[in-house]
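Asks: Following is a predicted model, sequence given first.
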Amino acid sequence: MTKAVKPYKALAEKMASNPFLIVAKINDGLNEVPGVKIDGVPTVLLYKKGAPLPIKFKKALTVDNLLEFLKKNMGDDFNGNDKVDL
């Protein structure tokens, strides 16, 4: 497993019980996403329900930073049905 994949996997495991979040990996070389510009790899985007554009993650790629990003941007949906410890 590459270093970049580990935070995603840990995040997916930690947030697995949240019905409001899907952690997905997309290979932009094989799958084009209309209207999305990939500046580098990895690129982390949060697509919020009803929002016209995704929110780009801009910090160092760590599980803690990803969780803080989600908590800030998901609001009440962050905890889903469970409480998530940061």
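Replies: Happy to help now that I have it. This is a predicted model, so every value here is computed, not measured.
Asks: Let's test this: what are the backbone torsions at Ala12?
Replies: Per-residue torsions, Ala12: phi -60, psi -40 (degrees, to the nearest 10).
Asks: Could you list which residues are in contact with it?
Replies: Each residue near Ala12 by C-beta atoms under 8 Å, 6 or more residues apart in numbering is listed here: Val23. For every residue, glycine as well, the C-beta is placed using N, CA and C.
Asks: So for Phe47, what's the nearest residue that isn't a sequence neighbour?
Replies: Quick fix: residue 47 is Tyr, not Phe. Distances taken as C-beta to C-beta, 6 or more residues apart in numbering place Pro54 nearest to Tyr47, at 4.9 Å, with adjacent residues excluded.
Asks: was I right about the one you found contacting Leu45?
Replies: Yes: counting by C-beta atoms under 8 Å, Leu45 is a contact partner of Pro54 at 3.9 Å.
Asks: burial of the residue nearest to Tyr47, as a residue count?
Replies: 15 (other C-beta atoms under 10 Å).
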